[in-house]
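S.K.: I'd like to go over a predicted model; first the sequence, then the structure.
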Amino acid sequence: MSRVLAVVRMQLLNWPINIAWPWGILFSSFLINYAIQSALVRQTVGESTTGGLLSIYTVVFVAYLISVSQDLPFALGLGVSRRTFHLASGLMLTTEALLYGTLLYLFALIERATDGFGVELAFFGLPFMSTSNPLLQILVYTVPFLLFGVLGFAVGLVFKRWGANGVLTLSVAAILAIGAAVYLITRAERWRAVGGWFVDQSTVGLFIGWPLLLVVPLAALSHLLIRRVTV
C-alpha cells in the first residue's frame, strides 16, 4: 500500500493537469454562461439551463489520457510495477471523483439558494441530474468522473501500445458501431421507443447504475492493456 501511495504522490506532482485545468476550464465556462444569462435576464427571458458542466468531465478524460503518456513511463523508469501504477491511478481517480462530486453538489446548493446566482442560471444543479437524496446526489456527480477517467486511461493505454494508428482504429470502430446502431434504429422506426427508454430511466440509473456497469469492464480492460504496454 505504501508503494501505491508513493505513486499517487508522484502523480500529484502534475497537479495542474488533474486539478487546475479541470476547475479552471469549468469556471471559465461558468463565467461565460453567467455573463450571457445576465444579459438574457434583463430581457426577461427567464431561467436558463446550460451544458457547461460537461467541460470538467471532459478535462478529466484528457487528464487521465495524458497521465498514461507522461506518468507511466516515468514510473516504470523508477522501477514501479504496472500493477502498482494501475492501482495508484484507480485510487487517485476515485478520490478525485468523490471530492469533485462533493464540490459540485455544494456549488449546486449555493446555486439553488441564490436563485441561480441571482440571474436564474442552472449551471451546477441541472434538472435532469437532480435527486432529493444528498448522498445519491453526490454520487450522481461522482460516478461520471469515474467513467470519464477510466475511459481516458484506457484510451491512453491504447495510444501507448499501438500509437496513433491504434487510437484512430478505435475511433473508426466506435463511429461504425454508432452508425450501425443509428441505421438499425432508424430502419426499425424505433427512435420513439429509444427516447421513451431514456425518459423512463431514473436519475440514479442514468448517472450511477449504467455508468458503473461500464466502469468495471473498462477497468478490467485497462488491467490487461497496461501489462502489454512498452515504454
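M.R.: Here it is on my side, so go on. Model, not experiment: these values are computed from the prediction. Numbering: from 1, shown residues only.
S.K.: what sits against E189?
M.R.: Contacts for E189 (C-beta atoms under 8 Å, 6 or more residues apart in numbering) come out as none. All C-beta atoms are positioned from the backbone trio N, CA, C, and that covers glycine.
S.K.: Counting by contacts, list what the lengthiest helix in the chain packs against.
M.R.: Scanning the chain for the helix with the most residues, using DSSP state H, yields helix 134-187. The helices and strands touching helix 134-187, judged by 3 or more C-beta pairs under 8 Å, 6 or more residues apart in numbering; DSSP states H and E, are helix 54-77, helix 82-113, helix 203-204, helix 210-226.
S.K.: try it again with 6 Å
M.R.: Helix 134-187 sits against helix 54-77, helix 82-113, helix 210-226, with contacts defined as 3 or more C-beta pairs under 6 Å, 6 or more residues apart in numbering; DSSP states H and E.
S.K.: is it possible to export these to a markdown table including mean pLDDT and mean neighbour count?
M.R.: Listed next are the helices and strands packed on helix 134-187 as a markdown table, based on pLDDT from 0 to 100; neighbours: other C-beta atoms under 10 Å:
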| stretch | mean pLDDT | mean neighbour count |
| --- | --- | --- |
| helix 54-77 | 92 | 19 |
| helix 82-113 | 96 | 18 |
| helix 210-226 | 94 | 15 |
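S.K.: Let me have the ones you listed in JSON lines, extended by distance to L135.
M.R.: JSON lines is the format used below for these (distance: least, C-beta to C-beta, whole Å):
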{"stretch": "helix 54-77", "distance to L135": "20"}
{"stretch": "helix 82-113", "distance to L135": "10"}
{"stretch": "helix 210-226", "distance to L135": "15"}
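S.K.: my guess is N33 meets T49, correct?
M.R.: No: at 9.8 Å, N33 does not count as touching T49 under the criterion of C-beta atoms under 6 Å.
S.K.: quick one: which of those two has more around it?
M.R.: Ranked by neighbour count (other C-beta atoms under 10 Å), N33 and T49 place N33 first, with 21 against 16.
S.K.: Return the angle between stretch directions for whichever strand or helix holds that one and helix 54-77.
M.R.: Here N33 is covered by helix 21-41, with elements defined by DSSP states H and E. Using axes from the mean of the first three to the mean of the last three C-alpha atoms, to 10 degrees, the inter-axis angle of helix 21-41 relative to helix 54-77 is 170 degrees.
S.K.: In terms of secondary structure, what does helix 21-41 contact?
M.R.: With contacts taken as 3+ C-beta pairs under 6 Å, 6+ apart, helix 21-41 sits against helix 54-77.
S.K.: who's in contact with the helix it packs on?
M.R.: Here helix 54-77 makes contact (C-beta atoms under 6 Å, 6 or more residues apart in numbering) with 7, 11, 17-18, 21-22, 25-26, 29, 85, 144-145, 148-149, 152-153, 155-157, 160, 231.
S.K.: hmm, 7 Å instead?
M.R.: 7, 10-11, 14, 17-18, 21-23, 25-26, 29, 85, 89, 93, 144-145, 148-149, 151-153, 155-157, 159-160, 229, 231 (C-beta atoms under 7 Å, 6 or more residues apart in numbering).
S.K.: can you check stretch 196-204 too?
M.R.: So stretch 196-204 is in contact with 128-131, 136, 140, going by C-beta under 7 Å, 6+ apart.
S.K.: buried stuff in it?
M.R.: Neighbour-count burial for stretch 196-204, with 16 or more other C-beta atoms under 10 Å as criterion, is recorded at 203-204.
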